[in-house]
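Enquirer: fold the following and give me the result.
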Amino acid sequence: MKIHWAILGTILSIATFHNAYSQSPNPYIKVYGYLTTWALKMNVGASNYENLLYTDMDWDACTDYIMFAAHFDTSGQITTQITWDGTLSWGAVGEDQIQQSKRRFLNDYIHSKGKSIQLCFFIKSNDPLLATASGRAVIIKTVVDSVVSSKNQYDGVHWDIEPFSLDDSSNVKIFLEQMRDTLNKYHRWDDTTKKPMQTVAFYGTATGPFWAGASQYLDALLHMSYNMFGSWETVTWYNAPLYSTGYESENIGSIDAYTTTYLNAGIPAKKLVMACPFNYNAYQGGTTSGGEGCYAPLLAMSAYPIWINNGSEMYYTAWNKWIDTATTTFHHDTSRVAAWIGYNNSGSTNDYLILFQDTMCVRQIIERISVRGIQGAMIWDIPGAYINNLNQTRHPGLANDHLLQAVKKTRLNLLNSVTNITNKNLLPVEVLLYQNYPNPFNSSTIISFSLPSKLCISLQVYDLLGRKVATIASGELSAGSYSRQWNAFNIPSGVYLYQLKAGSYTETKKLILLR
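Expert: As a prediction, this is how the structure comes out:
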């Protein structure tokens, strides 16, 4: 059998083994999806996202949802963010009460799907209401009335504390403890045997020890690694890569590096959630020492590039504007798990760099989060960034959203990697070939794959010249998840390719044998 290596080169998915903080893998990861207030269109008796009925969406990508965002006025009453213009635009108190009552329809529907939904409150750590016992009492009453009351039936409260300062941390910790004590007097609407959830979005490695101490009052701590855009002060840097770029700092990091930092700070793995970002950045101009502009990541810059997408541009704007119309090569940095395209035009001011996440990035992020043994992943945002009138033709609904489907399929296949799963709804939803583990390896490694139905398969190893080295599995297999060990005792060190064929599906990945 001859392999067309030129074709395979465009689809090759390579994952490099990284030594990091060791945890037991968690195949039961939770995925929190943010819903955005300003994309929620309130019609009489219903709530829709843009021109899409919420009943037409595929809600199974995530396990839990968070409605972003509510706010407190100076008296502690609730308002809701009604527009997004890069700043904060809050509706009137009375208007929010109307929106909240209509949003109850959405909450009921989410519960019917076996999911939970929390209401997010945006607040600053130096808010005067947090500094006094009376102010905290007002906020707590507002939360109880708007979150756990039968009127709205949320399943908990989520805090987005920005900006957060350690100078105000004592007030924040007191408040979280009091809020937890109050929530323990109620129950969740999706499961009356459980107490309402209290979760938080946090950031900043220096705050790790504080959040480790406050974690006793929280069900989950969601790190805002979707904001890892880089400082652009020294290099053009990847947009939230999974692994290190070599430029780690407070403002420049990777998802895996942040995970290690917060686990080492004492945040419990069972409560830590890392973002699986759905975002993009586009840059123009800038100058390197060699005279090029910012047409590729990781270039040292002598003049800063210009950020040319703004806060009002949603993720799939990038697909219409840059990616669908790309006339240049798509790049995957498989060591860092990042995607980009660049244009090297005449004159550095006309060079462009577009950084984005695709299905390969999303899948490997979710898989890595499982391997790290932490609670789960967080997605910003659903579906405000993905469903709008401009993109209805390409993305007619969340059922066809390729990034969300990558999350869903990866999460369900992780569940199926666990033995003794009897729920038929958890069968794999597509054929998937996973990266071997460990990689690099010495003598033996494990290769896993999933099948959605009974299929004839072959799993074989080739050298880089296309010569077959070994057959690991072949024949007809039923739907399910499988793992096979390859013992390469008589095989010399080197780089090899392993290929799964299952029906019409073919996928190839790289592995490294080191003696």
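Enquirer: against Met378, how distant is the residue nearest the centre of the chain?
Expert: The centroid of the chain falls nearest to Cys276 when counting by CA atoms, centre = their mean (1.5 Å). Applying CB to CB, to the nearest Å, the value for Cys276 to Met378 is 7 Å. No exception for glycine: its C-beta is placed from N, CA and C like everyone else's.
Enquirer: shared neighbours, the two?
Expert: Val31 (CB atoms under 8 Å, 6 or more residues apart in numbering).
Enquirer: re earlier: is it true that the residue nearest to the centre of the chain touches Thr410?
Expert: No: assessed by CB atoms under 8 Å, Cys276 is found out of contact with Thr410, at 9.5 Å.
Enquirer: which neighbours do those two have in common?
Expert: In terms of CB under 8 Å, 6+ apart, Cys276 and Thr410 are both contacted by the residues 362, 366.
Enquirer: these two touch, right, Arg103 and Ala70?
Expert: No: contact criterion CB under 8 Å: Arg103 and Ala70 do not qualify, at 10.6 Å.
Enquirer: please identify which of the two sits among more neighbours.
Expert: Taking neighbours as other CB atoms under 10 Å, Arg103 and Ala70 compare with Ala70 leading, 27 against 23.
Enquirer: now whichever strand or helix holds that one: average pLDDT?
Expert: Secondary structure from DSSP states H and E places Ala70 in strand 64-72. Averaging pLDDT along strand 64-72 yields 88.
Enquirer: what's next to that strand, contact-wise?
Expert: Under CB under 8 Å, 6+ apart, the answer for strand 64-72 is 30-37, 59, 78-81, 88, 90, 96, 103, 110, 115-123, 127, 129, 139, 142, 146, 154, 158, 160, 199, 381-382.
Enquirer: let's go with 6 Å and repeat that
Expert: Defining contact as CB atoms under 6 Å, 6 or more residues apart in numbering, one finds that strand 64-72 is touched by 30, 32-36, 78-81, 90, 110, 116-122, 158.
Enquirer: same check, this time on stretch 290-297
Expert: Contacts of stretch 290-297 (CB under 6 Å, 6+ apart): 236, 238, 283, 285-286, 305, 340, 342-344, 348, 351, 353.
Enquirer: selecting buried members of these in PyMOL, what would you type?
Expert: A single PyMOL command selects the buried members of the contacts of stretch 290-297 (16 or more other CB atoms under 10 Å):
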select buried, resi 236+238+283+285+286+305+340+342+343+348+351+353
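Enquirer: just curious, which of the contacts of stretch 290-297 is nearest to Asp168?
Expert: Nearest to Asp168 out of those is Tyr238 (CB to CB; 32.3 Å).
Enquirer: and for that closest one, nearest residue in space, chain neighbours not counted?
Expert: Nearest residue to Tyr238, sequence neighbours excluded (CB to CB, 6 or more residues apart in numbering): Ala338, at 4.3 Å.
Enquirer: from Leu218, how far off is the one you found?
Expert: 30 Å.
Enquirer: Glu292 too?
Expert: Between Glu292 and Leu218 the computed distance is 46 Å (CB to CB).
Enquirer: same deal with Thr63?
Expert: Distance from Thr63 to Leu218, by CB to CB: 17 Å.
Enquirer: tell me which of the two has more neighbours.
Expert: Leu218 (22 against 18).
Enquirer: pLDDT score for that one?
Expert: For Leu218, the pLDDT comes out at 98.
Enquirer: tell me who's in contact with it.
Expert: Contacts of Leu218 by CB under 6 Å, 6+ apart are 198, 200.
Enquirer: any regions of the stretch 51-200 of the chain where pLDDT drops low?
Expert: In the predicted model, the stretch 51-200 of the chain carries pLDDT under 70 at residues 51-53, 56, 80-102.
Enquirer: about what we covered before: is the residue nearest to Tyr238 bridged to anything, and to what?
Expert: Ala338 has the following beta-bridge partners by DSSP bridges: Asp333.
Enquirer: tell me how many other residues surround it.
Expert: Neighbours around Ala338, by other CB under 10 Å: 26.
Enquirer: looks to me like Asn490 is in a strand.
Expert: No: if the criterion is DSSP: H, G, I helix; E, B strand; the rest coil, then Asn490 is coil and not within a strand.
Enquirer: distance of it relative to Gly466?
Expert: 20 Å.
Enquirer: likewise Leu500?
Expert: 16 Å.
Enquirer: do the same with Gln216
Expert: 57 Å.
Enquirer: likewise Thr79?
Expert: Taking CB to CB, one finds Thr79 at 63 Å from Gly466.
Enquirer: ok, back up a step: contacting residues for the residue nearest to the centre of the chain?
Expert: Contacts of Cys276 (CB under 6 Å, 6+ apart): 362, 365, 377, 379.
Enquirer: could I get these as a markdown table with distance to Tyr186?
Expert: Output for those, formatted as a markdown table (distance: CB to CB, whole Å):
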| residue | distance to Tyr186 |
| --- | --- |
| Val362 | 35 |
| Ile365 | 34 |
| Ala377 | 27 |
| Ile379 | 27 |
